[in-house]
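Undergrad: Okay, sequence plus prediction incoming.
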Amino acid sequence: MEERIVVHSPTGAYEILIGAGLLRQIGQRADEWGLHGQVVVTTDDIVRDLWAKPILAQLPQGRAALIPHGEQHKTLKTVSALYDQWIALGADRQTTILALGGGVVGDTAGFAAATYMRGLRLVQAPTTLLAMVDSSVGGKVGVDLPQGKNLVGAFKQPALVLIDTDALATLPPVQWRMGMAEVIKHGLLADPELLHPSLRAPERAVELVRRAVQVKVNIVEQDPYEQNIRAYLNLGHTFAHAIEQVSGYAWLHGEAVAVGLLAAAKLSARLGLCDEALADEISVILAELGLPLSLGGLEAEALYAAMATDKKWVSGRSRFVLLDGPQRPRLVEGVPRSDVLAVLEALR
Ligand SMILES: NC(=O)c1ccc[n+]([C@@H]2O[C@H](COP(=O)([O-])OP(=O)(O)OC[C@H]3O[C@@H](n4cnc5c(N)ncnc54)[C@H](O)[C@@H]3O)[C@@H](O)[C@H]2O)c1
Ligand SMILES: [Zn+2]
């Protein structure tokens, strides 16, 4: 049997099911999951070949819509191309969109589903670790603009989230590591079990995902529209966004988050909020996972300048999620520039 988490959102409750082999049961359980009418499985070219075909074979009324894989396609142009495909398939208010793929598919198909005919029923079926523990939960959907990431979006709560951990079997190791960076973030925010290496064994994937999802659920239930504590989910991300930007996006998001988590712990220790040992513990975990521990030469001044453009830094006043200790996040404003620079220099 699968694990089941009920999420209470402002627009009603929905379930997250987490289990091995859920996608193989879609035909049998179509009624239970509300997939008996027209279902448009919306996916990317890589996931189509790996996971969409067996699903479509189980759904007589299932149809496929496709977006090209990769963050560069998380755009309004792709949304528009999806509308065209859905219209051609005759999608109407009775249709369910099953978003099958990583965060790019979930965000793009989710945004299209939020807006097409003022909203279609959306089922999220995340297939990357990152999408399972992060992007498929919480209702944020959207796309990038040339001027910046995630600048256009909506809140669209799914009707159901189906997490089949078997999908992790085909995931390239680099994508597993990227998801683990977010899992470690969730562990530092609220669940020490997530930091244990034993939970990374493939046979414990359901438990790993369930615990990581629960951390996000607990936060978004309390703050669905990101007015206060949802900001905790940005732990390490102020640093990470600067690293991605200054490296010209040569750094992958998860790699940048990894060093960002370390930087947040070091800054917390420097400000006397927590013990220096926390940063050492994080270093050990990142090393075990093959995630980076240093900035690879990126310049502190350039990183600081990139951080200062963060929309959450109200009139240039810095804003960081820091740690009073493990599982004790807090928002700190007005951290002196010199302290941030010192941490960045030490990690260079
Ligand atoms: N909505 C939110 O709250 C939220 C939160 C975090 C991240 N995001 C967004 O998520 C996106 C990143 O998501 P991602 O890391 O899943 O990237 P992604 O969707 O680009 O997937 C990474 C790669 O893995 C491939 N893939 C997916 N599933 C696979 C599988 N099972 N086996 C083999 N290959 C597979 C994809 O085709 C893609 O090439 C970003 O755009 C980010 O902004 C959104
Ligand atoms: Zn992230």
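TA: Yes, it's here. What you are looking at is a predicted structure, and each value in this text was computed from that prediction instead of being measured. Ligands and ions are numbered 1, 2, ... in the order given.

Undergrad: Tell me which stretches of the stretch 151-300 of the chain form helices.
TA: Taking DSSP state H, counting those that start in this stretch as the criterion, the stretch 151-300 of the chain carries its helices at 173-190, 205-222, 237-246, 253-270, 277-289, 300-307.

Undergrad: tally of neighbours for whichever residue of the stretch 151-300 of the chain sits closest to ligand 1?
TA: Closest residue of the stretch 151-300 of the chain to ligand 1, C-beta to the nearest ligand atom: Thr170 (3.6 Å). To be clear about C-beta, it is placed using only N, CA and C from the backbone, and glycine gets the same treatment. Counted with other C-beta atoms under 10 Å, the neighbours of Thr170 add up to 13.

Undergrad: helix, strand or coil for the residue nearest to it when sequence neighbours are not counted?
TA: Distances taken as C-beta to C-beta, 6 or more residues apart in numbering put Leu50 closest to Thr170, at 5.0 Å, once the chain neighbours are dropped. In three-state terms, and counting by DSSP: H, G, I helix; E, B strand; the rest coil, Leu50 is helix.

Undergrad: With mean neighbour count, mean pLDDT and distance to ligand 1 as added columns, please give the helices of the stretch 151-300 of the chain in JSON lines.
TA: Listed next are these as JSON lines, based on neighbours: other C-beta atoms under 10 Å; pLDDT from 0 to 100; distance: least, C-beta to the nearest ligand atom, whole Å:
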{"stretch": "helix 173-190", "mean neighbour count": "23", "mean pLDDT": "98", "distance to ligand 1": "5"}
{"stretch": "helix 205-222", "mean neighbour count": "21", "mean pLDDT": "98", "distance to ligand 1": "9"}
{"stretch": "helix 237-246", "mean neighbour count": "23", "mean pLDDT": "97", "distance to ligand 1": "10"}
{"stretch": "helix 253-270", "mean neighbour count": "25", "mean pLDDT": "98", "distance to ligand 1": "7"}
{"stretch": "helix 277-289", "mean neighbour count": "17", "mean pLDDT": "98", "distance to ligand 1": "15"}
{"stretch": "helix 300-307", "mean neighbour count": "17", "mean pLDDT": "96", "distance to ligand 1": "17"}
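
Undergrad: For Tyr116, find the nearest of those helices.
TA: Among the helices of the stretch 151-300 of the chain, the nearest to Tyr116 by C-beta to C-beta is helix 205-222 (24.0 Å).

Undergrad: angle of the closest one against helix 173-190?
TA: With axes from the mean of the first three to the mean of the last three C-alpha atoms, to 10 degrees defining the directions, helix 205-222 sits at 50 degrees from helix 173-190.

Undergrad: what sits against the closest residue to Arg93 other than its chain neighbours?
TA: In space, and not counting its chain neighbours, Arg93 is closest to Met117: 5.7 Å by C-beta to C-beta, 6+ apart. Met117 makes contacts with 91-93, as judged by C-beta atoms under 8 Å, 6 or more residues apart in numbering.

Undergrad: can you put the residues you listed in a markdown table and add distance to ligand 1 and pLDDT?
TA: Formatted as a markdown table, the contacts of Met117 follow (distance: C-beta to the nearest ligand atom, whole Å; pLDDT from 0 to 100):
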| residue | distance to ligand 1 | pLDDT |
| --- | --- | --- |
| Ala91 | 22 | 98 |
| Asp92 | 26 | 97 |
| Arg93 | 24 | 97 |
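
Undergrad: Now, of these, which are buried?
TA: Ala91 (16 or more other C-beta atoms under 10 Å).

Undergrad: hey, what's Val6 bridged with?
TA: Note on Val6: beta-bridge partners Glu15, judged by DSSP bridges.

Undergrad: since we're on Leu273, how many residues are nearby?
TA: Residues lying near Leu273 (other C-beta under 10 Å) number 17.

Undergrad: Hmm, it is touching Val321, no?
TA: No. Counting by C-beta atoms under 8 Å, Leu273 stays clear of Val321, with 11.4 Å between them.

Undergrad: what's the overlap in contacts for the two?
TA: 330, 332.

Undergrad: got the contact list for Leu267?
TA: 320, 322, 335, 339-340, 343.

Undergrad: right, I mislabeled it, should have said Gln25
TA: Residues near Gln25 by C-beta under 8 Å, 6+ apart: none.

Undergrad: I'd like to know how far it sits from Asp31.
TA: As judged by C-beta to C-beta, to the nearest Å, Gln25 and Asp31 stand 12 Å apart.

Undergrad: again with Asp144
TA: 37 Å.

Undergrad: Between the two, tell me which one has more neighbours.
TA: Remark: of Asp144 and Asp31, Asp144 carries more neighbours, 21 against 8, as counted by other C-beta under 10 Å.

Undergrad: now that one, what's its secondary structure?
TA: Three-state call for Asp144 (three-state DSSP): strand.

Undergrad: and it, how far is that from ligand 1?
TA: 7 Å (C-beta to the nearest ligand atom, to the nearest Å).

Undergrad: I'd say that residue and Lys77 touch.
TA: No. Asp144 is not in contact with Lys77 according to C-beta under 8 Å; the separation is 10.7 Å.

Undergrad: so how far is the first residue of stretch 126-133 from its last?
TA: Stretch 126-133 has an end-to-end distance of 9 Å (C-alpha to C-alpha, to the nearest Å).

Undergrad: Tell me the confidence at Asp1?
TA: That one is not Asp; residue 1 is Met. Looking at Met1, its pLDDT reads 80.
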